[in-house]
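[1] Okay, structure incoming, though there's no sequence with it:
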C-alpha cells in the first residue's frame, strides 16, 4: 500500500468509517443540534461551533501546505468566530468541513508518492533538518480531527446530560 493510500484510508476511517475508538468525526458532529453547537457550558474553553470552524480552518491550511504554500496560520484564523446561533449557518459549517475534507482526500490521492517524505515549505526550519514532512503533516491533521471530535462529543454530553 502506498503512503497516499494509507493516509487516505486512515482519514476516511476517522471521518466517516468505523474507527476502533468509537464514533467517527461526522457521526459525532451530526449528533449535535444547532442550539448545542453555539452553547458554551460553564468552564468550557470553546463552543462546538468554534471547534468545527477550527477543524475547518486547519484542514484548509493543510491543503494549502500540500499545494506548496508556506506554512502559517490558517487564512480564516486559528479559532474563527462562529457568530450568532443560526441553524442554516451551523449546517453550512458542517457541510464546509465535509467538503474541505473531500478536497483533502483528492489531494492526498493525487500527491506524488516521492514527495511524502519531503519537508513542507516552512521558513522556521529552512536551515534545519527537523522540518515537518508532508506525511507527518497529514498524520498530524488526522490526530487533530480525532482530538477535537472527542472534545465535541464531551461538550455535547455536558450540554445534553
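    That came through fine. Quantities reported herein were computed from a predicted structural model and do not represent experimental measurements.
[2] Can you give me the distance of the residue positioned nearest the centre of the chain to residue 145?
    Computing the C-alpha centroid of the chain and ranking residues by C-alpha atoms, centre = their mean puts residue 55 first, at 3.8 Å. With distances defined as C-beta to C-beta, to the nearest Å, the gap from residue 55 to residue 145 amounts to 6 Å. C-beta here means a position set from N, CA and C on the backbone, and glycine is covered the same way.
[3] Run through the helices of the chain in chain order.
    Taking DSSP state H as the test, the helices found in the chain are 3-16, 25-30, 34-37, 48-66, 87-110, 134-160.
[4] What are the buried residues along the longest one?
    So the one you mean is helix 134-160. Buried residues in helix 134-160, counted by 16 or more other C-beta atoms under 10 Å: 134-135, 137-139, 141-142, 145-146, 148-149, 151-153, 155-156, 159.
[5] Same check on the fifth one?
    Of the residues in helix 87-110, those with enough neighbours to count as buried (16+ other C-beta under 10 Å) are 90, 93-94, 96-98, 100-101, 104-105, 108.
[6] what two of these are the furthest from one another?
    Of all pairs drawn from these, the widest gap by C-beta to C-beta lies between 90 and 108 and measures 27.3 Å.
[7] Just give the number of residues close to residue 19.
    16 (other C-beta atoms under 10 Å).
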